[in-house]
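Visitor: Sequence and predicted structure, then a few things I'm wondering about:
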Amino acid sequence: MARNPFSFGRIENEKSPVLFMSDDFLDWSVCKSLLFTGPRGSGKSSILKALSWEVTWGFSKTVVTGSSKISKIFSNPTFLGVYCRVEDMDIEYWEQWKIKQNEHNAQKSFGTYLEFLYLDLFLSAIIKLQREKAIFSNKVSEREVVTKIITYCYRKDLRPHIFEESFESLRSLVEETHLGIRDLVFRNISSDQLVDTFPISSPGDLIQYFGQILTKYFPEVADWTFSLLIDDCNCLKEWQAVVINTAVAKAKVPIAYKLSAVEGLYTTRKTLSQTRPLSEHDLETVSIGGGDFPMNKETFLRLAEGVCRTRIERYNNNLPKNRFNFKSFFGSFDLEELLLARLKTSEKNKTKDFLELVKKRSAKTGSLDVTGAWMEKNNIRDFLYEEDAFVKKQNDSKYWKKWNHTAAIALCKEYKQDFPYCSWQVVLLLSARSIREMLRIMSKVWIVNRANIGIFTKKSSLGQEIQTKAIKMAAKASFNAIDTKQLFENTSLPEICERLGNLFSKFQSMPYLLKAPESAAISILKQDLDRIPEIASVVDAAVMAGIMLKKVEKNKVEIALHPILSPRFNFCFRSPFYYSQAVSKDELTSLFTGDQSEAIQITKNILSKRLINIGNIVERLKITQDKSVKKEQQIEIGYEKLGKNIRV
């Protein structure tokens, strides 16, 4: 089969990546410090790579595409960024060294190590530009900068003598310093010996000084921005993040910091100053891919379309330019029509009887209403009485769309039909702001269509059956890619996801869905999650792996599976955090670590809690007015009138 143009994965694993950048890139390249957040695969690393000097100045095989504005900024760049991944900073060695020394000394030494590492990266870029682009070529200015840096960094008793005052010589000296510090940490040498051997720099000071004298002695770069591009900051320990935050808080022209972290996992905004936490003004948060849930679909749509179009045109230069249209390719989603078409394929009497109800309901409402017929059959609209807790939302069309979506999932399960996963809206929602998951779906579309590149430039929409097949293949591939190593005595991450997926699927079936539409998450008090750090670590690792989503709100933490797994388990995918089900510390622990029988029992307990809540609403509905009937009997009578069974 021909090469799949929709490959996905980390950018550093691609041979000759082509990056699509929206016009937002113009704001991201200026001199202000930014924290790019988003789910795994949303494009955070791609943005930092596009800002790096290797890409900006054409020393990499990576190509950046976009509008004419993007082309213009890359034709004459005024920014120089150095890229570094947190994983390459040997943070675990530093953590072990901190434990054996103390946090104060560890932060002081770690900050110095980073300052010299960053300076090494900047000098490497400057030397390359000096050789290849004739920038920084004034030798008098070079000697001035080198002399001042050595004087600034090294006290007299440690000040080295260099053969010549050049960027090359300075870089060799700087490299020896940060590698020497790292070597002492690896060998667990005491912090006292480290201080006696190497210079110590407060976080941010050396780089800030370097930027200022560089722009002073080289006026041709006086208006440039010099950026530290630090990727995967969610991997930092809190004490390490404090060091970087301290440097960020000091940053001013021409220095800026551009950090990336998986959403919700940047550990802290504290600095080394107890009275000076990092503010939003110091480090502005940029949510990639359309913001938090519910996401801005139009923002993500523009990004997804740009990425796909770039991939298609790169695959075949002879194809018409700008022909691919994401909306046209996947088409619109008419839920009621698709459900009717699927139900009509069934020969079962139960399904045929329901189709008669659909016919009557549609005649009454004046439009096709499959989901409405199912809700009417189950007395759901009667249940959502004016005393319901959701009364304020009842007249909101968005609220009823949530019920329609929930009803569609539930009736497909009841009548054993595949939910119609198709349309541009569904693809974006399942991707959940992750370009990587969107490309996974596109790669499966490519496979299902037998590597036919021509289909991506046709004006007609892709058939719903092909879309559903490709999306289910993508969901299966996402689940199969989960690391299977044992996390606890009884469970691995796939087994934990299986338990959560089955629980969320139950939330979308009667009578449990009566609690709230689109429940596809659990929540726990933040203080309770803090008491089970081993569970919290697994959740964070799953979020970093792109398998789970996490949302922190005031005193609670919400946990959901990534929507791409929805076709695997049949749970709602539009609004993962719309209404989460509260669980206790013990219940969450059992779900994550218990054996199978324990997990089954806990699942029943959680579902029972939903029934209790539903029962309270049933009681308020006063379905029975008989005062002699006990509360439990009232609830049961309510369920009988609704055609339900109170048992789990």
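Guide: Happy to help now that I have it. None of the values given here were measured: they were computed from a predicted structure. Numbers count the residues shown, from 1 in each chain.
Visitor: what comes up buried for the lengthiest helix in the chain?
Guide: Across the chain, the longest stretch assigned as helix under DSSP state H is helix 103-132. Along helix 103-132, these residues count as buried under the neighbour rule (16 or more other CB atoms under 10 Å): 105-130. From N, CA and C alone the C-beta is placed, and that goes for glycine too.
Visitor: In what element of secondary structure is Glu144 found?
Guide: With the criterion set as DSSP states H and E, the secondary-structure element containing Glu144 is helix 139-153.
Visitor: where along the stretch 501-648 of the chain do the strands fall?
Guide: Under the criterion DSSP state E, counting those that start in this stretch, the stretch 501-648 of the chain carries strands at the ranges 521-525, 548-553, 556-561, 581-582.
Visitor: looking at the ones you listed, which is buried most?
Guide: Between the strands of the stretch 501-648 of the chain, the one whose residues have the most neighbours on average, counting mean count of other CB atoms under 10 Å, is strand 556-561 (a mean of 23).
Visitor: Who does that strand pair with, and is each partner parallel or antiparallel?
Guide: Neighbouring strands of strand 556-561 in its sheet, by DSSP bridges, are strand 521-525 (antiparallel), strand 548-553 (antiparallel).
Visitor: Which of the ones you listed sits closest to Val86?
Guide: Closest of the strands paired with strand 556-561 to Val86 is strand 548-553, at 18.9 Å (criterion: CB to CB).
Visitor: Alpha carbons of that closest one, in CSV - could you do that?
Guide: C-alpha atoms of strand 548-553 as CSV (Å, rounded to 0.1, in the frame of the first residue of the first chain):
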residue,chain,number,x,y,z
MET,A,548,-7.6,10.2,30.0
LEU,A,549,-8.7,13.8,30.5
LYS,A,550,-8.5,15.7,33.8
LYS,A,551,-10.2,18.8,34.9
VAL,A,552,-9.5,20.6,38.2
GLU,A,553,-12.3,22.8,39.6
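Visitor: pLDDT below threshold where in this protein?
Guide: Screening the chain residue by residue with the criterion pLDDT under 70, one finds the ranges 1-2, 9-16, 289-296, 318-322, 381-398, 613-648.
Visitor: So which elements touch the strand or helix carrying Ser45?
Guide: Using DSSP H and E, Ser45 maps to helix 44-51. The helices and strands touching helix 44-51, judged by 3 or more CB pairs under 8 Å, 6 or more residues apart in numbering; DSSP states H and E, are strand 18-20, helix 25-28, strand 34-38, strand 79-85, strand 225-231, strand 255-262.
Visitor: any chance you could map the strands in the stretch 251-400 of the chain?
Guide: Secondary structure of the stretch 251-400 of the chain (DSSP E, counting those that start in this stretch): strands at 255-262, 284-287.
Visitor: So which of those is the most surrounded?
Guide: Between the strands of the stretch 251-400 of the chain, the one whose residues have the most neighbours on average, counting mean count of other CB under 10 Å, is strand 255-262 (a mean of 25).
Visitor: Could you check how far it is from the centre of its chain?
Guide: Distance, stretch centre to chain centre, for strand 255-262: 16 Å (CA atoms, centre = their mean, to the nearest Å).
Visitor: what residues does that strand touch?
Guide: Counting contacts by CB atoms under 8 Å, 6 or more residues apart in numbering, the residues outside strand 255-262 that touch it are 28, 30-40, 44-45, 47-48, 51, 81, 204, 207-208, 211, 225-234, 244, 247-248, 251, 266, 283, 543-544.
Visitor: residue contacts, Ser505?
Guide: Contacts of Ser505 were listed using CB under 8 Å, 6+ apart, and they are Lys413, Phe569, Asn570, Phe571.
Visitor: who are the neighbours in contact with the second one?
Guide: Listed by CB under 8 Å, 6+ apart, the contact set of Phe569 reads Gly501, Asn502, Phe504, Ser505, Leu561.
Visitor: on that earlier part again, mind putting the strands of the stretch 501-648 of the chain into a markdown table with distance to Ser75?
Guide: Compiled in a markdown table, the strands of the stretch 501-648 of the chain are given as follows (distance: least, CB to CB, whole Å):
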| stretch | distance to Ser75 |
| --- | --- |
| strand 521-525 | 46 |
| strand 548-553 | 39 |
| strand 556-561 | 43 |
| strand 581-582 | 53 |
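Visitor: on that earlier part again, in CSV, list the strands paired with strand 556-561 along with distance to Leu278.
Guide: As requested, the strands paired with strand 556-561 are exported to CSV (distance: least, CB to CB, whole Å):
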stretch, distance to Leu278
strand 521-525, 26
strand 548-553, 17
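Visitor: Which of these sits closest to Asp88?
Guide: Ranking the strands paired with strand 556-561 by their distance to Asp88 (criterion: CB to CB) puts strand 548-553 first, at 25.1 Å.
Visitor: any idea how far Lys156 is from Leu272?
Guide: Separation of Lys156 from Leu272 (CB to CB, to the nearest Å) stands at 27 Å.
Visitor: okay, these two: which has more neighbours?
Guide: Neighbours were counted for Lys156 and for Leu272 using other CB atoms under 10 Å; Leu272 has more, 18 against 6.
Visitor: hang on, the more buried one packs against Ile244?
Guide: No - counting by CB atoms under 8 Å, Leu272 stays clear of Ile244, with 10.6 Å between them.
Visitor: what's the overlap in contacts for these two?
Guide: The contact lists of Leu272 and Ile244 share Pro203, where a contact means CB under 8 Å, 6+ apart.
Visitor: Can you tell me which of the contacts of Phe569 lies closest to Leu493?
Guide: Of all the contacts of Phe569, Leu493 sits closest to Leu561, with 11.3 Å by CB to CB.
Visitor: ranges for the helices of the stretch 151-300 of the chain?
Guide: Along the stretch 151-300 of the chain, counting by DSSP state H, counting those that start in this stretch, helices occupy 167-186, 191-197, 205-217, 238-250, 297-315.
Visitor: Out of these, indicate the one that is most buried.
Guide: helix 238-250 (a mean of 22).
Visitor: From what I see, Pro77 and Thr56 are in contact.
Guide: Yes - under the criterion of CB under 8 Å, Pro77 is in contact with Thr56, at a separation of 4.7 Å.
Visitor: what comes into contact with whatever helix or strand Lys472 lives in?
Guide: The secondary structure element spanning Lys472 is helix 464-480 (assigned by DSSP H and E). Around helix 464-480, the neighbours that count as contacts under CB under 8 Å, 6+ apart are 330-331, 338, 418-423, 426-427, 430, 437, 440-441, 443-445, 447-449, 494, 497, 547, 562, 564-568.
Visitor: one more time with 6 Å
Guide: By CB atoms under 6 Å, 6 or more residues apart in numbering, the list of residues contacting helix 464-480 from outside reads Pro420, Tyr421, Cys422, Arg440, Ile441, Lys444, Val445, Val448, Ile564, Leu565, Pro567, Arg568.
Visitor: for the strands paired with strand 556-561, which one sits closest to Tyr315?
Guide: With CB to CB, the closest approach to Tyr315 among those belongs to strand 548-553: 31.6 Å.
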